[in-house]
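Q: Predicted model and sequence below, questions to follow.
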Amino acid sequence: MTGPPLQRLEGVRACVFDAYGTLFDFGSAAARAADVPEEKRAALTALWRDKQLQYTWLRTLQNRYADFWQVTGDALDFALDTLGLDRSLRESLMDLYLGLEPFPEVPEVLRALRARGFRTAILSNGSRAMLDALVFRAGLADAFDAVLSVEAVGVFKTHPKVYRYALDTLGLPAKAISFQSSNAWDAFAASDFGMRVVWCNRYGQRRERLPGAPDFEIRTLAELPGLLAVIA
């Protein structure tokens, strides 16, 4: 006997990825900061990330956009002050953020997708300069057809303008794009917008009580190629 056929995403022509937490490990900045006490690195990572996201959402609500470099620096200042860490750490930590490590499976997954004819892109809150630094330092500059920053539309995720920007740039309908994010709120919003969505739940998050429903939930991007039907 054979089991039921494996469900796949049909009609997908492009794979679009969130950057922070999906392709690149945002925890790798504090983890590699030798001057940050080891016992405070996890707390710094968590608080820095939490405030970074909060500031993007609040700035969008206030209609007070500032690029992600400023938001990331403001969040870091808050985290350093809260944890009693010296502000002299700021410069080195911000530089480390420009060189976050890709998750181990990322290079091979991108190669496999492109070999099968899928277009690949990043869609991120990061500024274009930040994203360019990330992909260059990771040796992934040739792995993407497009690197898309929200600074082009002047609002952060989860505003619909961000997801529309990806469609307009790639010239594809929402159902022809598979969007991958490790952030549940991002995955659910992209699904509500109309994209096909694979939620890469790296951090064991619970499902959100928000509009939208990802098509698949995986633990690493290594599972993604097996979910995609062959391009006709």
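A: Thanks, I have the structure now. Numbers count the residues shown, from 1 in each chain.
Q: all strands for the chain, in order.
A: Secondary structure of the chain by DSSP state E: the strands cover 14-17, 119-124, 146-149, 177-181, 196-200, 216-218.
Q: May I see the buried residues of the shortest one?
A: Neighbour-count burial for strand 216-218 flags 216, 218 (criterion: 16 or more other C-beta atoms under 10 Å). To be clear about C-beta, it is placed using only N, CA and C from the backbone, and glycine gets the same treatment.
Q: Can you list the strands that it pairs with?
A: strand 196-200 (parallel) (DSSP bridges).
Q: The strand it pairs with relative to strand 177-181, how many degrees between them?
A: 20 degrees (axes from the mean of the first three to the mean of the last three C-alpha atoms, to 10 degrees).
Q: Run the chain-centre distance for strand 196-200.
A: Relative to the mean C-alpha coordinate of its chain, strand 196-200 is positioned 12 Å out (C-alpha atoms, centre = their mean, to the nearest Å).
Q: residues making contact with that strand?
A: 9, 12, 22, 174-175, 177-182, 184, 187-188, 190-191, 212, 214-221, 224, 227 (C-beta atoms under 8 Å, 6 or more residues apart in numbering).
Q: mind putting the strands of the chain in TSV, distance to Tyr97 included?
A: Conversion of those to TSV gives the following (distance: least, C-beta to C-beta, whole Å):
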stretch	distance to Tyr97
strand 14-17	18
strand 119-124	13
strand 146-149	15
strand 177-181	19
strand 196-200	20
strand 216-218	26
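Q: if we can go back for a sec, okay, and which of the contacts of strand 196-200 map to helices?
A: 184, 187-188, 190-191 (DSSP state H).
Q: Only the buried residues of stretch 172-180, if you could.
A: Applying 16+ other C-beta under 10 Å to stretch 172-180 flags 172, 174, 176-180 as buried.
Q: How far off centre is that stretch?
A: 16 Å.
Q: what's next to it, contact-wise?
A: Residues outside stretch 172-180 that contact it (C-beta under 8 Å, 6+ apart) are 9, 11-18, 22, 123, 163, 166-167, 170, 187, 190-191, 193-200, 221, 224, 227-228.
Q: quick check: domain ranges of the chain?
A: The record's domain split for the chain, according to automatic domain parsing, is 14-25+101-227, 28-97.
Q: Quick one: the helices in the protein, in order.
A: 28-31, 38-62, 68-82, 90-97, 106-115, 128-137, 160-170, 184-193.
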